[in-house]
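Engineer: Turn this into a model:
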Amino acid sequence: MTHCDEIQLALSARMDGEHVDHAVPAVDEHVQGCARCRTFAERSEQVRAAVRIRAAEPVPDLVSGIVQELETPGPAARRRASPSHGWRRAMPAAAALVAGVVAGSVLVGGPFRTSDEPGISADAVVQGVRGASPALESFDGRFEIVERGLDPAVPVRRLDVRMAFLAPQRFYLDVVDRTAYPSSSFTPNDITYIDDSATSYLSGPTGCPAALPAGSCPPTRATVTSGSSPTDLMVPVTTFGSAAGMRVIGTDRIGEAEVVRVELTFARAAPLFPFLWLDGTWRPFFRGDRVEVQLDTQSWVPRRLTVYPASSEERRAWELRFGRAPEDPSTPILDVRATSVAASEPDPALFEVPGVTSDALSVSGLAERVGYRPAAPTFTGSLELATSAAPRPGPHAPRSLLVYADGLDFLRIGERPDAREPGRFGSLGPQAARVVLPGGSIAYYAPPVAGRATRLAIVGDDTRLLLETNLPVRELFAIAGSIPVQGRPLP
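Structural biologist: Down below sits the predicted model:
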C-alpha cells in the first residue's frame with residue numbers, strides 16, 4: 001500500500017466519523033501538497049453531498065425477528081428456478097420490508113410516494129426489472145450524455161458512453177468526451193472500466209492539461225481485485241429494488257418502444273449513473289434533485305435518464321455552500337439517452353483486462369493455491385458458480401474469491417482467514433447494521449450506495465467473509481445463512 005492509499009483511507013475514516021484525531025495534522029499536511037489526495041478529498045465531499053449517510057437514531061431491533069420469520073427455502077426451492085418462476089421473484093413485498101427495516105441507517109429517498117395512479121404500478125415496475133435481470137445474457141448499448149453546470153467556462157458538455165455485458169459477469173464501460181473545451185486547463189473526461197469477474201481495470205483522465213503532446217502525460221490506470229458491477233445502466237435492478245420512494249408518472253413511446261416514466265430522487269437513482277462514481281470530473285448533484293427515468297416496458301433497459309434541480313430551500317442552502325448559482329428546476333442538468341442497443345453479443349475480447357491473464361481455477365484448485373477450502377453456500381437459489389480465483393495479494397484484498405451469477409444477478413464472496421480486526425478487510429463503516437441470519441449467524445449489512453453494491457460481512461473465529469451482491473435482501477440473507485461459518489459479533 002502506498003502512502004497516498006493510507007492517507008485516503010484516513011480521509012475516508014474521518015468522513016465516516018471514525019476516530020483518527022492523532023493523524024489529522026499529518027493527513028491535512030499531505031493533502032495540501034498532493035494533487036492526487038486533494039482530488040480524492042474533493043470528490044469524496046461531492047459524493048457525501050449527493051448521498052448523505054448518517055448513523056441511525058435509536059430504534060427497536062426488529063431485523064432479527066423479521067429475518068427469522070422469513071420462510072427457509074425447502075428442497076423444492078433449492079432446484080434452479082426458471083426465468084419466470086422461483087421463490088426469488090415470488091415475494092418482492094417481503095424483500096422490500098426487510099430492506100426498509102435493515103437500511104434504516106441510510107437516509108435516501110425523498111418526498112415521492114408510491115404511485116396510486118392507474119396504469120403500470122410501481123410494484124409492477126419492480127417485478128419487471130427483477131424478472132429481467134437474471135434473463136439477460138448479453139448487452140451492448142450506446143448512450144449520449146449532456147451535462148450542464150460543470151463550470152461557467154463550460155456550460156454544456158457532451159459525452160458518449162458504451163456499456164457492454166457478457167455472462168457470466170463481464171462488464172465494459174467506456175466514456176468518450178466530445179466537448180470542445182475553451183482552453184488547455186480542461187482535461188477530456190475519458191474513462192474506461194473493465195470487470196472480468198475476478199479483476200477490474202480502470203483508466204481515467206490524466207489530470208494534465210489537454211494541450212500537452214500526446215503520450216507525455218498518460219492516463220491514470222489501476223488494476224484491482226473485484227469491483228462494482230455497473231448493472232443499472234443496463235437493467236436497473238439496484239435502483240428499483242423496492243417500490244418505496246418512487247412514483248410512476250405515466251407512460252409514453254420512444255419510436256416503437258413503450259416506456260414507463262418513473263420519478264425519484266438523485267440519491268435513490270445514483271446507481272443509474274455508474275460513470276459518475278468511477279472516475280473523472282463531474283458536476284456535483286444534490287441528493288434531492290429530481291430524476292425522471294424512462295424504462296422500456298419490454299426489456300426494462302433505461303431509454304432516458306434526466307436530472308432536474310430540486311426546488312427547495314434545502315437545495316438553495318446547498319448551492320450557497322458550494323458557491324453555485326441558483327439553477328432552474330425546469331432545465332435538465334444531466335440528460336442520458338440510449339442511442340442504440342445491439343442485438344448481437346459483444347466481442348469477448350472487449351472484456352480482457354490489459355496486462356492481466358485470467359487465472360480462474362476450480363474450487364479444488366483454488367483450495368490448493370490458497371491453502372484452505374473457501375467457505376461456500378450450500379444454497380444459491382438460481383445462481384451458479386461462475387468464477388473461482390485467487391486475487392492479487394493486498395492488505396484489503398480477499399485471498400480467495402467465489403463469484404456466482406445468473407444473468408445480471410451476481411454474488412461475490414471474498415474470504416481472508418488472516419483478517420479478523422475491523423477495517424482490515426471488508427470494513428462496512430458505521431452505517432452497517434448488525435443482523436441475525438437464518439440459522440443464527442451474526443452478520444453486518446450495508447445497503448447499496450453510489451458506486452457500491454449491497455454488502456454483508458461475516459466474521460468467524462478463524463476467517464472473515466465479505467459478500468457483495470445486487471440480489472434482494474431476503475435472498476442474500478438466505479444464501480448467507482447457508483454458509484458454514486458461524487458469524488460472531490464484533491467488539
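Engineer: Just list whatever residues bridge to residue 405.
Structural biologist: residue 384, residue 410 (DSSP bridges).
Engineer: Where does pLDDT dip in the stretch 251-400 of the chain?
Structural biologist: 356-360, 395 (pLDDT under 70).
Engineer: What ranges does it have for its strands?
Structural biologist: In the stretch 251-400 of the chain, the strands defined using DSSP state E, counting those that start in this stretch lie at 257-265, 290-296, 302-308, 334-341, 384-389, 400-406.
Engineer: out of these, deepest packed?
Structural biologist: Comparing these by mean neighbour count (mean count of other C-beta atoms under 10 Å), strand 400-406 comes out on top with a mean of 25. The C-beta positions use only the backbone N, C-alpha and C, and glycine is treated the same way.
Engineer: correct me, but residue 283 touches residue 152?
Structural biologist: No. Counting by C-beta atoms under 8 Å, residue 283 stays clear of residue 152, with 11.6 Å between them.
Engineer: Who has more neighbours out of these two?
Structural biologist: With neighbours defined as other C-beta atoms under 10 Å, residue 283 and residue 152 compare such that residue 283 has more, 18 against 7.
Engineer: quick one, what contacts the more buried one?
Structural biologist: Residues in contact with residue 283 (C-beta atoms under 8 Å, 6 or more residues apart in numbering) are 147, 148, 149, 150, 333, 334.
Engineer: Need the three-state assignment for residue 149.
Structural biologist: Under DSSP: H, G, I helix; E, B strand; the rest coil, the three-state class of residue 149 is strand.
Engineer: Isn't it up against residue 155?
Structural biologist: Yes. Using C-beta under 8 Å, residue 149 is in contact with residue 155, at 7.3 Å.
Engineer: ok, the two, which is more surrounded?
Structural biologist: Neighbour count, other C-beta under 10 Å: between residue 149 and residue 155, residue 149 has more, with 19 against 10.
Engineer: and which of the contacts of residue 283 is nearest residue 373?
Structural biologist: residue 334 (46.9 Å; C-beta to C-beta).
Engineer: give me the beta-bridge partners of the closest one?
Structural biologist: With DSSP bridges as the criterion, residue 334 is bridged to residue 147, residue 307.
Engineer: Please apply the same query to residue 164.
Structural biologist: Counting by DSSP bridges, the residues bridging with residue 164 are residue 140, residue 172.
Engineer: sorry, back to before: as TSV, the strands of the stretch 251-400 of the chain with distance to residue 361 would be great.
Structural biologist: Converted to TSV, the strands of the stretch 251-400 of the chain look like this (distance: least, C-beta to C-beta, whole Å):
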stretch	distance to residue 361
strand 257-265	41
strand 290-296	39
strand 302-308	36
strand 334-341	34
strand 384-389	5
strand 400-406	9
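Engineer: Can you say which of those strands is nearest to residue 193?
Structural biologist: Closest approach to residue 193 among the strands of the stretch 251-400 of the chain (C-beta to C-beta): strand 334-341, 16.2 Å.
Engineer: the inter-axis angle of that closest one versus strand 302-308?
Structural biologist: 170 degrees (axes from the mean of the first three to the mean of the last three C-alpha atoms, to 10 degrees).
Engineer: packing partners for strand 334-341?
Structural biologist: Under the contact criterion of 3 or more C-beta pairs under 8 Å, 6 or more residues apart in numbering; DSSP states H and E, strand 334-341 touches strand 138-151, strand 302-308.
Engineer: Residues contacting that strand, please?
Structural biologist: 139-148, 161, 273, 283, 285, 299, 301-307.
Engineer: hmm, try it at 6 Å
Structural biologist: Residues from elsewhere that reach strand 334-341, judged by C-beta atoms under 6 Å, 6 or more residues apart in numbering: 141, 142, 143, 144, 145, 146, 147, 303, 304, 305, 306, 307.
Engineer: Out of these, flag the one nearest to residue 168.
Structural biologist: residue 141 (18.8 Å).
Engineer: Name the nearest residue to the closest one, sequence neighbours excluded.
Structural biologist: Closest residue in space to residue 141, ignoring its immediate chain neighbours: residue 341 at 4.3 Å, by C-beta to C-beta, 6 or more residues apart in numbering.
Engineer: rewinding a little: out of the helices and strands packed on strand 334-341, which is closest to residue 403?
Structural biologist: strand 138-151 (17.4 Å).
Engineer: for the record, mean pLDDT for the closest one?
Structural biologist: In this model, strand 138-151 carries a mean pLDDT of 95.
Engineer: Send me it as PDB with only the CA atoms.
Structural biologist: Output of strand 138-151 as PDB, limited to C-alpha atoms (Å, rounded to 0.1, in the frame of the first residue of the first chain):
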ATOM      1  CA  SER A 138     -25.500 -10.100 -23.100                       C
ATOM      2  CA  PHE A 139     -25.900  -6.400 -23.700                       C
ATOM      3  CA  ASP A 140     -24.100  -3.800 -26.000                       C
ATOM      4  CA  GLY A 141     -25.700  -0.400 -25.700                       C
ATOM      5  CA  ARG A 142     -24.600   3.200 -26.500                       C
ATOM      6  CA  PHE A 143     -25.700   6.300 -24.800                       C
ATOM      7  CA  GLU A 144     -25.100  10.000 -25.100                       C
ATOM      8  CA  ILE A 145     -24.700  12.400 -22.200                       C
ATOM      9  CA  VAL A 146     -25.400  16.100 -22.000                       C
ATOM     10  CA  GLU A 147     -24.200  17.700 -18.700                       C
ATOM     11  CA  ARG A 148     -24.800  21.300 -17.700                       C
ATOM     12  CA  GLY A 149     -23.200  23.400 -15.000                       C
ATOM     13  CA  LEU A 150     -19.700  21.900 -14.700                       C
ATOM     14  CA  ASP A 151     -18.100  25.300 -14.900                       C
END
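Engineer: Now do it against strand 334-341, angle only.
Structural biologist: Using the same axes, to 10 degrees: strand 138-151 against strand 334-341 is 150 degrees.
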